[in-house]
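# I need the structure of the sequence given here:
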Amino acid sequence: MSKKIIQKVRGVRDILPDEQRYFKYLSECFEHACGRSGYSKIYTPTVEPASLFIRTLGKNTDIVEREMYNFKDRSGNAVVLRPEGTASVLRAYLEEGMTSWPQPVKLYYQLPIFRYDRPQAGRYREHWQYGVEVIGDKSPIIDVNVIALSLRVLKSVGLSDVSLQINSIGCPNCRPKYRKVLISYLNENEKKLCPDCKRRLKSNPLRVLDCKQKGCQEISAEAPQTVNHLCNICHEHFKTILEYLDELDIVYEINPQLVRGLDYYIRTVFELWSESEGANASLGGGGRYDGMTELLGGKPVAGIGFGLGADRIVAEMQRQNIELPKGHEVEVYVAQLGEEAKKKCYKLLFDLQNAGIGAEGAIEKGSISEQLKAANRFKVPYTLIIGQKEAFSDTVIIKDMHSGAQEIYPTDKVVKEVKKRLEKLQ
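Predicted coordinates for the structure are as follows:
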């Protein structure tokens, strides 16, 4: 009796080679944009203390209440698989002495994030988040810089029709007054709220505005708006951001329902959505979190950042049929026929790869037709063929895979000739 094949855990996935090409391109574009904007890369641990996220995200957030992967380690410590990136970076900022660095500290990361949520298209229990954090600057112009960087990344991978939605949710000075006004309005409509929002009404009423249930969205659409209840400082902060976005010709929409359901956000919150035909998913978002360091035992420090959902961006790139630029893929295929040709084939592969040319070959394959099929799968422009005759005459056939034309070259001139041909194709 054969054993049952072990399958992956529900809600996670394998990222196979064809999709890896998109992830690699996105990663390269993201790193390039961040590096050119003065950011430095950071990795944080996958496993963190549970208290890190309970303190920063808030006990009544969905992540803490029901989405975190939490457990006790063998020493009895309460730990979690990292459910978001910002708190980990802030913990590192304090713990690793970055408070003494020149401020602001600008960091970026590419990390797997773990949330036990209902699996659906573009949303996995393990997903990749590409994010940035700017710590130590409260200027609204920094908010604009961060927003512009997030849009630049999406544009650099070829995504079109990306919309920016933005809002200000105030600060600890003005939010209590707005909270009272909102609670009063929601109490009048409590019967129409979903069970989760009835619970949120008592613990975290702003989260009602973030609910995706149709009935709750209809109620939120008529709710008092945060931007109409800002203190003077928050009002000027938001006004400056919008003025600078206008100056940069960045189109935006003020979305009164946008609150980004984590407790640490204050003032600026924003999201990026694909508006292309058939798309309906947030590609990322972020906001300001001044004072979050206080929750971790440090002095108050201003901060703002964003996170991009790499899985969703890749899915959108594929949906829009974005053509990836030529890069590190196989450029030529080497085919052979006969024992002596195998050795020559192996040496030619070695020489091509050492010359920086992407090359592949099937040393153990039998027929030439089978090897040419493999070459077609790699979509190479040229196949180099060494048969018995070529092996003894120290020559190589260069076959143009598009026209079918074949030419014979001395082995010692093949690498130079192939390199020249490939450069002409670029």
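
# quick one: secondary structure of Arg55?
The three-state assignment at Arg55 reads helix, by DSSP: H, G, I helix; E, B strand; the rest coil.

# any idea how far Glu417 is from the nearest residue to it once chain neighbours are set aside?
Taking Cβ to Cβ, 6 or more residues apart in numbering as the measure, Arg55 lies nearest to Leu295, with 4.7 Å between them; neighbours along the chain are not counted. Yep, even glycine has a C-beta here, placed from its N, CA and C like the rest. Separation of Leu295 from Glu417 (Cβ to Cβ, to the nearest Å) stands at 64 Å.

# cool, Leu337 as well?
Note on Leu337: its distance to Glu417, by Cβ to Cβ, is 21 Å.

# out of those two, which sits in the busier spot?
Taking Leu337 and Glu417 together and counting by other Cβ atoms under 10 Å, Leu337 has the greater number of neighbours (20 against 16).

# Can you give me the pLDDT of that one?
Confidence per residue is given as pLDDT, and for Leu337 that number is 83.

# show me the residues around the nearest residue to it once chain neighbours are set aside that make contact.
Using Cβ to Cβ, 6+ apart and skipping the chain neighbours, the partner closest in space to Leu337 is Gly387 (4.5 Å). Contact partners of Gly387, counting by Cβ atoms under 8 Å, 6 or more residues apart in numbering, are 336-338, 341, 368, 397.

# Repeat the analysis, applying 7 Å as the threshold.
337-338, 341 (Cβ atoms under 7 Å, 6 or more residues apart in numbering).

# Could you do Tyr108 as well?
The neighbourhood of Tyr108, defined by Cβ under 7 Å, 6+ apart, consists of 34, 39, 41, 131-132.

# what does the average pLDDT come to for the host helix or strand of it?
Taking DSSP states H and E as the criterion, Tyr108 maps to strand 105-114. For strand 105-114, mean pLDDT is 94.

# Please identify the pairing partners of that strand and their relative orientation?
Strand 105-114 has the following strand partners under DSSP bridges: strand 40-41 (parallel), strand 126-135 (antiparallel).

# about what we covered before: point out the ones among the contacts of Gly387 that are inside strands.
Counted as lying in strands by DSSP state E, out of the contacts of Gly387, is not a single one.

# out of those residues, which one sits closest to Lys191?
Nearest to Lys191, judged by Cβ to Cβ, of those is Leu337 at 79.0 Å.

# so who does that closest one touch?
Counted by Cβ under 7 Å, 6+ apart, Leu337 has contacts 368, 387-388.

# Please repeat the previous calculation with a cut-off of 8 Å.
Contact analysis of Leu337 by Cβ under 8 Å, 6+ apart lists 367-368, 385-388.

# do Thr240 as well
Listed by Cβ under 8 Å, 6+ apart, the contact set of Thr240 reads 140-141.

# let's go with 10 Å and repeat that
Neighbouring residues of Thr240 by Cβ atoms under 10 Å, 6 or more residues apart in numbering: 139-141, 143-144.

# can you redo the strands paired with strand 105-114 as TSV with distance to Ala374, mean neighbour count and mean pLDDT?
Output for those, formatted as TSV (distance: least, Cβ to Cβ, whole Å; neighbours: other Cβ atoms under 10 Å; pLDDT from 0 to 100):
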stretch	distance to Ala374	mean neighbour count	mean pLDDT
strand 40-41	37	11	96
strand 126-135	31	23	94
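
# nearest to Gly287, of these?
Taking Cβ to Cβ as the criterion, strand 126-135 is the member of these that comes nearest to Gly287, at 11.4 Å.

# Could you identify the helix or strand that succeeds the closest one?
Of the helices and strands lying after strand 126-135 in sequence (DSSP H and E), the nearest is helix 140-156.

# what is the mean pLDDT for the helix or strand just after that next one?
Scanning forward in sequence from helix 140-156, with DSSP H and E defining helices and strands, the next element found is strand 162-168. Here strand 162-168 scores 92 as its mean pLDDT.

# Just list what strand 162-168 packs against, helices and strands only.
Applying 3 or more Cβ pairs under 10 Å, 6 or more residues apart in numbering; DSSP states H and E, one finds that strand 162-168 contacts helix 140-156, helix 232-247, strand 253-254, strand 266-274, strand 282-288.

# just so I know, which of the ones you listed lies nearest Glu222?
Counting by Cβ to Cβ, Glu222 lies closest to strand 253-254 out of those; the figure is 16.1 Å.

# Go ahead and name everything in contact with that closest one.
Outside strand 253-254, the residues within contact range by Cβ under 10 Å, 6+ apart are 163-168, 225, 227, 238, 242, 271, 273.

# With distance to Lys202 as extra columns, can I get the strands paired with strand 105-114 in CSV?
Formatted as CSV, these follow (distance: least, Cβ to Cβ, whole Å):
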stretch, distance to Lys202
strand 40-41, 42
strand 126-135, 31
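
# So for Ala221, which of the ones you listed sits nearest?
Proximity to Ala221 (Cβ to Cβ) singles out strand 126-135 among the strands paired with strand 105-114, at 29.1 Å.

# just the angle between that closest one and strand 282-288, please?
Relative orientation of strand 126-135 with respect to strand 282-288: 30 degrees, computed using axes from the mean of the first three to the mean of the last three Cα atoms, to 10 degrees.

# now strand 126-135, how far from the centre of its chain.
Taking the mean of its C-alpha atoms, strand 126-135 sits 7 Å from the chain's own mean (Cα atoms, centre = their mean, to the nearest Å).

# One more: stretch 230-241?
Here stretch 230-241 is found 30 Å from its chain centre; the criterion is Cα atoms, centre = their mean.

# buried sites along it?
230-231, 234-235, 237-238, 241 (16 or more other Cβ atoms under 10 Å).

# Out of the residues you listed, give me the two with the largest separation.
Taking Cβ to Cβ, the two most distant members of the buried residues of stretch 230-241 are Cys231 and Ile241; they sit 15.5 Å apart.

# residue contacts, the closest residue to Ser27 other than its chain neighbours?
Distances taken as Cβ to Cβ, 6+ apart put Gln110 closest to Ser27, at 6.2 Å, once the chain neighbours are dropped. Shown in contact with Gln110 (Cβ under 10 Å, 6+ apart): 23, 26-27, 30-31, 34, 41-43, 85, 128-131, 308, 310.
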